[in-house]
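Asker: pasting the structure only:
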């Protein structure tokens, strides 16, 4: 159940599908992506978030390298590859921690990665 929730989360994100993405999340979910930024409230902020993705990225791919599950939590090591609409490409790697409730919905996400380095690849 946990692996399925996480796979659906990443698939919906890569497909830039806000409805599918929201279906993976609990109503009160919080997303720290990356950690250090204020949390994203998916119910309130999803339209703005996906508008940004669709505006800037032509393609968006996330590959799960490894997933480690313990009870209702999981850590995922991943790689992201994007092509921006300006033709530039960027990659990033990170680790994301997920908390999942008894209904298979994600309640919290904490993503550890270097967003500034990633963005610099798209603007140089």
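Answerer: Thanks, I have the structure now. Just so you know, these numbers come straight off a predicted model, no measurement behind them.
Asker: and whichever helix or strand residue 45 is part of, what does it pack against?
Answerer: Secondary structure here is read from DSSP states H and E; on that basis residue 45 sits in helix 42-56. With contacts defined as 3 or more C-beta pairs under 8 Å, 6 or more residues apart in numbering; DSSP states H and E, helix 42-56 has these neighbours: helix 18-23, strand 25-32. All C-beta spots, glycine's among them, are computed from the backbone N, C-alpha and C.
Asker: after that helix comes which helix or strand?
Answerer: Using DSSP H and E, the helix or strand that follows helix 42-56 in sequence is strand 57-70.
Asker: take the helices and strands packed on helix 42-56 and lay them out in a markdown table including mean neighbour count.
Answerer: Shown next, in a markdown table, are the helices and strands packed on helix 42-56 (neighbours: other C-beta atoms under 10 Å):
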| stretch | mean neighbour count |
| --- | --- |
| helix 18-23 | 15 |
| strand 25-32 | 17 |
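Asker: now these as TSV including mean pLDDT and distance to residue 103?
Answerer: Conversion of the helices and strands packed on helix 42-56 to TSV gives the following (pLDDT from 0 to 100; distance: least, C-beta to C-beta, whole Å):
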stretch	mean pLDDT	distance to residue 103
helix 18-23	96	12
strand 25-32	96	8
